[in-house]
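1. this one's structure only:
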Ligand SMILES: C[S@@+](CC[C@H](N)C(=O)[O-])C[C@H]1O[C@@H](n2cnc3c(N)ncnc32)[C@H](O)[C@@H]1O
């Protein structure tokens, strides 16, 4: 059964049929990990979307790259197409739309050839519910067109991915905000912090510096030279959270010297989405490797001789106890605990009871209210003692 194409299959096909194509650059291991994370999330998201009531499901990759990287990986949009095949064949009542784009004409040519290859195979396989749109626009122009197009109709689910090589510019950021305001969607933005830090005071790269200043001033209304870069990032996050978005998770991507390269900023209007991104994060990064979400949140010291995982989880619990201090005497719901933990710590949903709630009850810091009986933990409230 057809389940998408691998890198080798696409490359072999292009070579055998003498089809012109370009490779994207050779990518670093952190970029390969980013592609793995986003693709794993798309697959989780497609599972939820396919089982929802909507008719149309859209993944938009505003900056797609060619499709094949020199180092042997597939671009995110091709990974997404392979996931589309898996879900579309099981859900023939839904339409799966991929909108990809690159302003580079060589990369666009390759995107068009990848599109043709998939479309020919879909025709052979009788798959009629995957629609691919390939664009050769500037991301800003395409996003503005999509905002007008999408705000007109409902009954769809949309995931927007914005993945530049450098700090996004002010105009694009403003368009993302407009999109988030008018289109019910989920959004992932690669926020290139390293570019910001290196260049916001770099008189030798005037154009870059001015573009970063523009972002800070025009989008966040903050003076770039008097504001901490992290505060500018946080203001941007707050601006997006003031649209239709309710939840945010920040994934930090570091280089081998432990310096921050970029943040993947994830936004969703829906708690289910937040759960899915955390599951995808753990699936892609696990606990015991350099990219693990738990490793990069803070430096951990091994003082109690526990396993690495236990020790890190204990720190999350200690951090949460600090947060609870300000809530003393109030009654909080399970979902408010979950929302906090999923957004502010590396833990995923499956760990909340064992790592947070049960230990806090045992330490007499939370008193379970048993609103729905003794055994129901998720449908309950807790008094903070
Ligand atoms: C980091 S790569 C994208 C990687 C891809 N999203 C993936 O996950 O495999 C950035 C791509 O965006 C394209 N690009 C950069 N600025 C753009 C813009 N303003 N409009 C359209 N494409 C752009 C570049 O040509 C490059 O191929």
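-> Great, that's in hand. What you are looking at is a predicted structure, and each value in this text was computed from that prediction instead of being measured.
2. For residue 83, list the residues it contacts.
-> By CB atoms under 8 Å, 6 or more residues apart in numbering, the contact list for residue 83 reads 4, 39, 42-43, 46. Where C-beta positions appear, they are placed from N, C-alpha and C, glycine not excepted.
3. Over to whichever residue of the stretch 201-350 of the chain sits closest to the ligand: give its phi and psi.
-> Nearest residue of the stretch 201-350 of the chain to the ligand (CB to the nearest ligand atom) works out as residue 262 at 9.8 Å. Main-chain dihedrals, residue 262, degrees, to the nearest 10: phi -150, psi 170.
4. Could you do residue 183 as well?
-> phi -120, psi 120.
5. For it, grab the count of nearby residues.
-> Per other CB atoms under 10 Å, the neighbour tally for residue 183 reads 23.
6. quick one on the thing from earlier: bridging residues for the residue of the stretch 201-350 of the chain closest to the ligand?
-> Applying DSSP bridges to residue 262 yields these beta-bridge partners: residue 253.
7. OK, contacts around it?
-> With CB under 8 Å, 6+ apart, residue 262 has these contacts: 190-195, 253.
8. how near is it to residue 283?
-> 21 Å (CB to CB, to the nearest Å).
9. try residue 335
-> With CB to CB as the criterion, residue 335 and residue 283 are 23 Å apart.
10. Would you work out how far apart the start and end of stretch 83-96 are?
-> 10 Å (CA to CA, to the nearest Å).
11. who's in contact with the closest residue to the ligand within the stretch 151-300 of the chain?
-> Going by CB to the nearest ligand atom, the ligand is nearest to residue 163 of the stretch 151-300 of the chain, at 3.6 Å. Taking CB under 8 Å, 6+ apart, we find residue 163 in contact with 61-63, 76, 188, 190.
12. and which of the contacts of residue 83 is nearest residue 147?
-> If you rank the contacts of residue 83 by distance to residue 147 using CB to CB, residue 42 comes first, at 21.1 Å.
13. Please tell me the pLDDT value assigned to the closest one.
-> Note on residue 42: pLDDT of 94.
14. quick one, what contacts it?
-> With CB under 8 Å, 6+ apart, residue 42 has these contacts: 59, 76, 79-80, 83, 159.
15. next one: residue 347
-> Applying CB under 8 Å, 6+ apart to residue 347 gives the contacts 278, 313, 316, 341, 355-356.
16. if we can go back for a sec, helices - which of the contacts of residue 83 land there?
-> The helices, defined by DSSP state H, take in 39, 42-43, 46 from these.
17. list the contacts for residue 110?
-> The neighbourhood of residue 110, defined by CB under 8 Å, 6+ apart, consists of 20-22, 66-68.
18. 6 Å - rerun?
-> Neighbouring residues of residue 110 by CB atoms under 6 Å, 6 or more residues apart in numbering: 21-22, 66-67.
19. out of the residues you listed, which one sits closest to the ligand?
-> residue 66 (6.9 Å).
20. Mark which of the contacts of residue 83 are buried, thanks.
-> 4, 39, 42-43, 46 (16 or more other CB atoms under 10 Å).
21. out of those residues, who's nearest the ligand?
-> residue 39 (8.5 Å).
22. Just give the closest residue to the closest one, not the sequence neighbours.
-> Taking CB to CB, 6 or more residues apart in numbering, and ignoring the residues beside it in sequence, residue 39 has residue 79 as its nearest neighbour in space, at 3.7 Å.
23. Buried residues in the one helix or strand the one you found maps to, which are they?
-> Using DSSP states H and E, residue 79 maps to helix 76-90. Judged by neighbour count using 16+ other CB under 10 Å, the buried positions of helix 76-90 are 76-89.
24. do the same with stretch 103-110
-> Quick answer for stretch 103-110 (16+ other CB under 10 Å): 103-104, 107-110.
25. what does stretch 324-333 give?
-> Residues of stretch 324-333 classed as buried by neighbour count (16+ other CB under 10 Å): 324, 332.
26. Same check on stretch 221-231?
-> By neighbour count on 16+ other CB under 10 Å, the buried set for stretch 221-231 is 222, 224, 227.
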